[in-house]
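> sequence below, structure please.
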Amino acid sequence: GSQVVLSVEVDAEQVLKSIDQAYSRLAPRVRIAGFRPGKAPRPMVEREIGWPALRQEALDLILPTAYNSALDEAALDPIDVPRVEVQQFERGQPMRFTATVSIKPDITLKDYKDISVPRPHSEIGDKEVDEALERLRLRFAELHAAERPVQAGDFLTVDTHILKSGAVLIGESETDAQLEVDKERLITGLAEGLIGQAVGETRDIALTLPADYPKKDLAGQNVVFRITVKSIKERRLPPLDDELAKQVGRGQTFDELRQEVHDELQEAAHQSDEQRFENDVLKALDERMEVEVPEALIEREVSRRIRELETRLQEQGVKMDRYLQYTNTSLDVLKAEQRPQAVQKVRLELALETVAEREGLTVSDAEVDEAVSNALAEEDHVGHRHGDLRTADPVRAYFRHQLLMRKTIDYLSSVAAPESSDTIEPPSEAKELESAGKSASGGERRARQKKGR
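Below is the predicted model of the structure:
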């Protein structure tokens with residue numbers, strides 16, 4: 001299994017030495033009437049300290065050394081903190097304790113050098129470029145007052161009230177709300193109900209609120225939106241010409257703009273192709289591995305993901321309990337949701353670590369130095385903290401591990417004997433996916449984005 005119980009015995013002389021060291025630490029804190037500090041007889045001082053406190057201090061001194069010696073003797077590399085049980089610890093007697101530790105499991109990894117995965121090669125065509133240019137036009141569109149009734153795509157200034165059973169709901173009214181008439185973003189039926197409405201007109205639009213409506217007591221309820229249109233603006237798109245290129249800041253002519261958009265899409269498609277290729281390589285690697293993932297590693301990864309989520313929430317000024325309340329969940333449920341991804345992440349890292357060990361892949365101190373410096377530059381930390389972070393063992397260990405995972409993925413990709421594949425048409429918006437093997441940043445349960453009113 002992936003758990004080992006070490007039975008350890010420490011000779012009586014070492015026990016006595018640890019008790020003496022513990023006494024030397026605790027005695028200066030003791031004050032006994034009639035004696036100057038440090039001059040009272042030891043038996044009196046020990047009675048004042050008490051055996052439980054003296055024993056615990058001695059254990060704190062002797063256990064780490066005894067435990068590490070036992071690990072070295074057994075040639076074990078634990079993956080978590082040990083669970084220690086002390087059976088005997090008395091003056092004049094050997095100390096006996098057990099330490100239960102989790103170790104890396106036995107891993108069977110077959111034929112990873114025979115992995116063969118086709119490498120996709122996407123080509124960006126005119127259709128994708130045209131769609132990207134149209135999105136660019138939308139970004140640089142201007143709004144102009146429209147002297148006509150509401151049409152799809154308009155931007156409105158409105159006063160809104162929500163009524164239920166004929167009564168206006170308290171806290172559900174807005175004045176001068178900004179609203180885009182987009183049926184994909186609004187509650188079902190609202191955009192259609194606004195079409196044809198004139199400035200100054202008030203309409204009652206009967207709707208059923210969605211099940212994920214933020215106010216849980218109204219979710220799924222039949223209500224009436226009473227909306228008064230106060231202004232209508234239409235979006236006017238700029239022409240596809242040299243002026244747009246200059247406005248966007250991508251060249252002086254439209255042809256230059258089009259070429260730059262094409263090149264950006266092609267680069268994004270290439271990145272996406274490489275990510276898909278890596279994912280397929282890692283999937284093939286996972287299929288060749290047999291392992292019983294230790295629970296300790298799963299729990300550690302789940303905890304890491306929860307801490308990461310909590311940090312991101314804090315950066316946004318949101319506390320975890322507030323987030324759990326908003327998403328109508330609990331910490332236990334959140335952990336359970338993280339578990340499948342945590343298991344997959346641990347499996348991946350165990351497989352990559354095995355390959356790295358077999359192939360003798362390593363990361364130099366210089367590579368770690370460079371990675372830490374680059375990360376600090378990106379994070380723009382306060383100057384006086386840089387030195388501390390560059391030399392902190394946990395920070396360096398993290399980057400060394402990440403670099404080793406990256407180097408191992410690159411190695412596997414290089415030996416995957418990729419076959420040439422047919423050109424693949426990419427999605428309309430090629431997106432660069434997160435690099436496999438890097439620290440997971442996603443996977444957390446997010447509050448679903450509510451449809452606007």
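> could you use CA atoms for every contact and neighbour count after this?
OK.
> pLDDT weak spots in this protein?
Applying pLDDT under 70 to the chain picks out residues 1, 379-391, 417-453.
> got the domain boundaries for the protein?
With domains defined by automatic domain parsing, the chain comprises 3-103, 142-236, 247-424.
> which among those is found nearest to Glu128?
domain 247-424 (8.0 Å; CA to CA).
> check the offset of the closest one from the chain's centre.
Here domain 247-424 is found 9 Å from its chain centre; the criterion is CA atoms, centre = their mean, to the nearest Å.
> which residues touch Glu310?
Lys319, Met320 (CA atoms under 8 Å, 6 or more residues apart in numbering).
> quick one: it and Met320, what's the gap?
Distance, Glu310 to Met320, by CA to CA, to the nearest Å: 6 Å.
> now do Glu234
Counting by CA to CA, the gap from Glu234 to Met320 is 41 Å.
> walk me through which strands the strand ranked longest in the chain pairs with, and which way each runs.
Longest strand in the chain, counting residues (DSSP state E): strand 222-236. Each strand paired with strand 222-236, and its direction, by DSSP bridges: strand 142-145 (antiparallel), strand 155-164 (antiparallel), strand 202-208 (antiparallel).
> quick check: longest helix of the chain.
Using DSSP state H, we find that the single longest helix of the chain is helix 254-287.
> test my guess that Ser173 contacts Ala167.
No - with contact defined as CA atoms under 8 Å, Ser173 does not count as touching Ala167 (12.0 Å).
> those two - which one has more neighbours?
Ser173 (16 against 11; other CA atoms under 10 Å).
> contacting residues around the more buried one?
Asp159, Thr160, His161, Ile162.
> put together JSON lines for these, with distance to Lys216 and neighbour count on each row.
Compiled in JSON lines, the contacts of Ser173 are given as follows (distance: CA to CA, whole Å; neighbours: other CA atoms under 10 Å):
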{"residue": "Asp159", "distance to Lys216": "23", "neighbour count": "17"}
{"residue": "Thr160", "distance to Lys216": "20", "neighbour count": "21"}
{"residue": "His161", "distance to Lys216": "18", "neighbour count": "19"}
{"residue": "Ile162", "distance to Lys216": "15", "neighbour count": "22"}
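> circling back to that earlier point, what's the closest of the strands paired with strand 222-236 to Leu133?
strand 142-145 (15.9 Å).
> with just CA atoms, put stretch 146-155 into CSV.
The C-alpha coordinates for stretch 146-155 follow below in CSV (Å, rounded to 0.1, in the frame of the first residue of the first chain):
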residue,chain,number,x,y,z
ALA,A,146,-32.7,57.1,-32.3
GLU,A,147,-36.0,59.0,-33.1
ARG,A,148,-38.0,55.8,-33.5
PRO,A,149,-39.4,52.9,-31.4
VAL,A,150,-37.2,50.2,-29.9
GLN,A,151,-35.4,47.7,-32.2
ALA,A,152,-33.3,44.7,-31.4
GLY,A,153,-29.7,45.8,-30.5
ASP,A,154,-30.7,49.2,-29.1
PHE,A,155,-29.4,50.6,-25.9
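> which positions within that stretch qualify as buried?
Neighbour counts over stretch 146-155 (16 or more other CA atoms under 10 Å) mark Ala146, Pro149, Val150, Gln151, Gly153, Asp154, Phe155 as buried.
> surely the third one and Ile195 touch.
Pointing back at Val150 there. Yes - at 5.1 Å, Val150 and Ile195 qualify as touching, with contact defined as CA under 8 Å.
> rewinding a little: okay, the domains of the chain in TSV with distance to Arg119 next?
Below are the domains of the chain laid out as TSV (distance: least, CA to CA, whole Å):
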stretch	distance to Arg119
domain 3-103	36
domain 142-236	36
domain 247-424	6
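> for Glu134, which of the ones you listed is the nearest?
Using CA to CA, the nearest of the domains of the chain to Glu134 is domain 247-424, at 11.2 Å.
> please report phi then psi for Gly34.
phi 90, psi -10 (degrees, to the nearest 10).
> what sits against it?
Counting by CA under 8 Å, 6+ apart, there are no residues that Gly34 touches.
> tell me how far it lies from Lys319.
55 Å.
> just Thr65 next, same as before
40 Å.
> who has more neighbours, those two?
More crowded of Thr65 and Lys319, by other CA under 10 Å: Lys319, with 14 against 11.
> which residue, other than its chain neighbours, is closest to that one?
Excluding the flanking residues, the one nearest Lys319 by CA to CA, 6 or more residues apart in numbering is Leu313, at 6.4 Å.
> also Thr228?
Nearest to Thr228 is Thr202, by CA to CA, 6+ apart, at 4.2 Å.
> that neighbour - how many residues pack around it?
17.
> ok, it to Asp159 distance?
9 Å.
> what touches both of the two?
Ile227, Thr228, Val229.
> which residues of the stretch 51-200 of the chain fall in strands?
Assigned by DSSP state E, counting those that start in this stretch, the strands in the stretch 51-200 of the chain fall at 83-88, 95-102, 108-109, 119-122, 142-145, 155-164, 167-168, 174-180.
> for Asp280, which of the ones you listed is the nearest?
strand 119-122 (9.2 Å).
> what pairs with that closest one, parallel or antiparallel?
Strand 119-122 is paired, per DSSP bridges, with strand 420-424 (parallel).
> show me what contacts Val8?
Ala66, Tyr67, Ala70, Arg96, Phe97, Thr98, Ala99.
> could you single out the nearest of those to Val181?
Ala99 (65.8 Å).
> sorry, back to before: next, format the buried residues of stretch 146-155 as CSV and append distance to Gln221.
Below are the buried residues of stretch 146-155 laid out as CSV (distance: CA to CA, whole Å):
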residue, distance to Gln221
Ala146, 34
Pro149, 29
Val150, 27
Gln151, 27
Gly153, 27
Asp154, 27
Phe155, 27
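> Ser303: which element?
helix 295-315 (DSSP states H and E).
> kindly tell me how buried Ala301 is, as a neighbour count.
If you look again at residue 301, you'll see it is Glu, not Ala. 20.
> any idea which element the nearest residue to it once chain neighbours are set aside lies in?
Nearest in space to Glu301, with sequence neighbours left out and distances taken as CA to CA, 6+ apart, is Ala342 at 5.6 Å. Ala342 belongs to helix 331-359 when elements are defined using DSSP H and E.
> which parts of that helix are buried?
335, 338-339, 341-343, 345-356.
> quick check: angle from it to helix 254-287?
80 degrees (axes from the mean of the first three to the mean of the last three CA atoms, to 10 degrees).
> check which element follows helix 331-359 along the chain.
Toward the C-terminus, helix 331-359 is succeeded by helix 365-379 as the next helix or strand (DSSP H and E).
> and that next one, what does it pack against?
helix 383-391, helix 393-414 (3 or more CA pairs under 8 Å, 6 or more residues apart in numbering; DSSP states H and E).
> now that helix against helix 393-414, angle please.
Using the same axes, to 10 degrees, helix 365-379 lies at 110 degrees relative to helix 393-414.
> hmm, back to that, which of the buried residues of stretch 146-155 lies closest to Leu59?
Phe155 (71.7 Å).
> surely the closest one touches Val229?
No - using CA under 8 Å, Phe155 and Val229 do not qualify as a contacting pair, with a distance of 10.4 Å.
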